[in-house]
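S.K.: Next come a sequence and a model predicted from it.
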Amino acid sequence: MKIQKLTRDAFAAFGDVITKEGAHHYPINDGTTERFHDLAQIDVADGHGKPLVNLMQGQPRQLPLKVTTMERHPLGSQAFIPLSQNPYLVLVAPRGEFKPLS
């Protein structure tokens, strides 16, 4: 497994990358603020979903990282927003049977 830089193209199979780069934007609030508009698709219609906003604070991990658990959220989306300047790693995988890495 290789750690890759997060880009819209590289992540497209898993969802949207929320970034200002290449986004539709325009000034608001008398020109004091730039609005970056409609940055991700949020669909809560299936399964009678509802939007939630949660904040999780994880503990730093050491590399090399042994992956023993991954989650799947078929009726939900997640946004990962680093709250510090520390490097941040998000693991994603296509839908399928989980096979732990050794």
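M.R.: Received the coordinates, thanks. Not measured: the values here are computed from a predicted model.
S.K.: Surely residue 49 and residue 75 touch.
M.R.: Yes - between residue 49 and residue 75 there is a contact under Cβ atoms under 8 Å: 5.4 Å. The C-beta positions use only the backbone N, C-alpha and C, and glycine is treated the same way.
S.K.: Between those two, which has more neighbouring residues?
M.R.: Neighbour tally, residue 49 and residue 75, criterion other Cβ atoms under 10 Å: the higher count belongs to residue 49, 13 against 10.
S.K.: so how far does stretch 58-78 reach from one end to the other?
M.R.: 15 Å (Cα to Cα, to the nearest Å).
S.K.: Relative to the whole chain's centre, how far out is that stretch?
M.R.: Offset of stretch 58-78 from its chain centre (Cα atoms, centre = their mean, to the nearest Å): 12 Å.
S.K.: can you pull the contacts of the closest residue to residue 24 other than its chain neighbours?
M.R.: Spatial nearest neighbour of residue 24, excluding adjacent residues (Cβ to Cβ, 6 or more residues apart in numbering): residue 37 at 4.9 Å. By Cβ atoms under 8 Å, 6 or more residues apart in numbering, the contact list for residue 37 reads 23-26.
S.K.: taking the residues you listed one by one, which sit in helices?
M.R.: Of the contacts of residue 37, none are assigned to helices by DSSP state H.
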